[in-house]
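Enquirer: the following comprises the amino acid sequence and a computationally predicted model.
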Amino acid sequence: MAPPDALLVVIRHAPHGSNWLREGLDAALVAAAFGQPVQLLFMGQGIMALLKEQSSGAPGQKATLPTIDMLEMYDIDKLWVAEGGLQSMNLSADSLVEGATLIADKEVPGLLHQHTKILNF
Amino acid sequence: MAPPDALLVVIRHAPHGSNWLREGLDAALVAAAFGQPVQLLFMGQGIMALLKEQSSGAPGQKATLPTIDMLEMYDIDKLWVAEGGLQSMNLSADSLVEGATLIADKEVPGLLHQHTKILNF
Amino acid sequence: MQYGLLVMGAPYSSPAPHSALRFAHALLSRGHQITGVFFYHDGVHNASSLMAPPQDELNLREAWAELNQQHAVQLDVCIAAALRRGLMSESEAQRHGKQSYNVAPPFELTGLGQLLELQQRADRLITFA
Amino acid sequence: MQYGLLVMGAPYSSPAPHSALRFAHALLSRGHQITGVFFYHDGVHNASSLMAPPQDELNLREAWAELNQQHAVQLDVCIAAALRRGLMSESEAQRHGKQSYNVAPPFELTGLGQLLELQQRADRLITFA
Amino acid sequence: MILHILTKAPDSSAATQMQQAIGEHDTVLLIEEAATAALDTSWAAWQQCQSRIFLLSEDLTSRGLAGIAANNELPTLEMQGFVALTEQYEKTVTWY
Amino acid sequence: MILHILTKAPDSSAATQMQQAIGEHDTVLLIEEAATAALDTSWAAWQQCQSRIFLLSEDLTSRGLAGIAANNELPTLEMQGFVALTEQYEKTVTWY
């Protein structure tokens, strides 16, 4: 169960494609810095933010992994991954960074309902 | 057959969703104004630019139909519509403005090959 | 009720600001208050004072400024998202050694914390993106 | 060969300008020439002199300007797409009664005709969007 | 209970993700590009949400889809109805 | 003959439209978000284009997909190879 007044930040965009991912993670980090309990849900292409093997992109495109690693320092330890999304991308759970937790697709609505606040990126 | 040095402008975006459609049509009009032979191909959501019943959008969002009507004045009289796209949107040919010409999906590659220049919007 | 709006699309490239503006006026006409509008991601372009659309298109910046003047709606722009995309206030311009600037009141550059505070304070937060 | 590049994505919001820039350098290293780069749609934001990304991110405007300085690549920006999105040169700013501006050489505001001419003159036109 | 706002076409990944997230008592509003859902009565969300899914009228009209939505007997809302929905639902999530 | 450049995912409408437009002797290059095609060996375009479809290496690497592309034995090109393709093909169409 999510704590009262918890914020769920939903991440649906992949690294390097746009700034959605980075700006979504920034929102999560700032909320946590303000003392708000924060959980993350990764759906669709957003799951790629958790791939272990990523690196920086074309010149000047920062890598996402250092930010993912930072989440724990901000006490953001729930990184939910929608299982169906993982499967439909033909990704295995062990290609993801440590700390990612699979959640069955049918649990996704419940996760949203548990959280008082939601931001969708 | 397209005349030599003809430009094909491919339109794939719907009215109001973005500025792709408007800026694509602008490119077609400018090319025609420069005396270049121009044809248009509408694919996917771009086909919605030809719907007869459209109007202007939320305040300040201009309607597209006046620009479509202008095409003929610039001698742009080939408005190709990919038939499969029309069908997969459950649209009938008579919901489109006059002057639109259906083209079978399998003719689309040939249309691209006939044109010396292509701009894809 | 108190509403907060989060706008994340750029004028002319996305219909999001148009929808948000129309929604804002509908809110007011139903007697609600707008606590604030927060511009994030490409939405920061709404604040550009250099925006000069053709005369038959709505100037979104002016439409937001009007909403501020008539209904005292606060217009906050995420500073990190703005600087990256070429939007800065006079004081930021000085700090970055630039002669020009393109964000001026009633738009205010502010941190992301303001978005989270808006979400806390308002009864509803509606996102347009 | 002579190459023209058409860039239609904004820095930081789209990977298109990054890809275009990397492609441009690969072109030059293989002995090709770049006739010009045309910025259209959201690509006009590449020209913003007010862009101020974090120091560990590439400043795309400066990267394009460097390409111009080192290889005399012409950088044309569609004026209609630019004005609508809040990008204007000093002379356009005067014409619109603005104190500030955010497009300066080596970027030049120009009409769409320039894109079609680029497509005619170059052996190849490659779009990044 | 959540109000889901979809701004992209029914065949977009935003739509797929929303469909995964819709709870039993949630409501859906289709705006902007999602107005094209009027063309596709076989779209799964029409069944999934039954009487709790609506198209925004103004976005249908501007796109020339109002007649088609009426022919397909699909439920629509005016902007005032959109506001009324947000009054009822404490949480709103926009899918884009 | 045309070089098609896809910048969006294989399940995007851009991809669908490109697949409709590919001629018999055309070639396809997958860049940016299209690098995710490495995950889906059942994507129809892999069959449709056989030896005339490539992934751009740098976009695979940055997304952590290089290992997967290699395991799936998918053909990749460096940026120099991208330039070489544009030398061969007079016409290039980008799908985004």
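Expert: That came in fine, so what should we check first?
Enquirer: now the strands for the chain?
Expert: With no chain named, the answer covers chain A. Counting by DSSP state E, one finds strands in chain A at the ranges A:7-11, A:38-42, A:79-82, A:100-103, A:117-120.
Enquirer: wrong one, I was asking about chain C
Expert: C:2-7, C:33-39, C:74-78, C:107-110, C:124-128.
Enquirer: out of those strands, nearest to chain B?
Expert: Nearest of these to chain B, taken as Cβ to the nearest Cβ: strand C:124-128 at 11.1 Å. For the C-beta atoms, the positions are set from N, CA and C on the backbone; glycine is no exception.
Enquirer: follow-up on the earlier one: out of the strands of chain A, which gets nearest to chain D?
Expert: strand A:7-11 (16.6 Å).
Enquirer: what lines up beside the closest one in the sheet?
Expert: strand A:38-42 (parallel), strand A:117-120 (parallel) (DSSP bridges).
Enquirer: check contacts around the closest residue to A:Ala33 other than its chain neighbours.
Expert: Excluding the flanking residues, the one nearest A:Ala33 by Cβ to Cβ, 6 or more residues apart in numbering or on different chains is A:Tyr74, at 6.5 Å. Going by Cβ atoms under 8 Å, 6 or more residues apart in numbering or on different chains, A:Tyr74 touches A:Ala28, A:Leu29, A:Ala32, A:Ala33, A:Val38.
Enquirer: gap between the first one and E:Thr27?
Expert: It refers to A:Ala28. Distance from A:Ala28 to E:Thr27, counting by Cβ to Cβ, to the nearest Å: 27 Å.
Enquirer: again with the fourth one
Expert: The gap separating A:Ala33 from E:Thr27 is 33 Å, by Cβ to Cβ.
Enquirer: ok, the two, which is more surrounded?
Expert: The neighbour comparison of A:Ala33 against E:Thr27 (other Cβ atoms under 10 Å in any protein chain shown) goes to E:Thr27, with 20 against 14.
Enquirer: please enumerate the helices of the chain.
Expert: With no chain named, the answer covers chain A. Along chain A, counting by DSSP state H, helices occupy A:20-33, A:65-73, A:83-88, A:108-114.
Enquirer: chain C, not that one
Expert: Under DSSP H, chain C gives helices at C:16-29, C:60-71, C:79-84, C:90-95, C:113-121.
Enquirer: backbone phi and psi for residue 90, please?
Expert: Looking at chain A here, since you left the chain open. Note on A:Asn90: backbone dihedrals following degrees, to the nearest 10 are phi 60, psi 30.
Enquirer: for it, give me the pLDDT.
Expert: On the pLDDT scale, A:Asn90 is placed at 95.
Enquirer: what sits against the closest residue to A:Ala93 other than its chain neighbours?
Expert: Distances taken as Cβ to Cβ, 6+ apart put A:Leu102 closest to A:Ala93, at 6.1 Å, once the chain neighbours are dropped. Contacts for A:Leu102 were tallied using Cβ under 8 Å, 6+ apart; they are A:Trp80, A:Val81, A:Glu83, A:Leu86, A:Ala93.
Enquirer: which one of those residues is nearest to F:Glu32?
Expert: Nearest to F:Glu32 among the contacts of A:Leu102: A:Leu86, at 21.8 Å, using Cβ to Cβ.
Enquirer: and that closest one, how many neighbours does it have?
Expert: Neighbours around A:Leu86, by other Cβ under 10 Å: 21.
Enquirer: measure it to A:Ile11 for me?
Expert: Using Cβ to Cβ, we find A:Leu86 at a distance of 14 Å from A:Ile11.
Enquirer: give me every residue in chain E lying close to chain C.
Expert: Contact residues, chain E versus chain C (Cβ under 8 Å from any Cβ of the partner chain): E:5, E:7, E:31-33, E:58-59, E:79-80, E:82-84, E:86-87, E:90, E:92-94, E:96.
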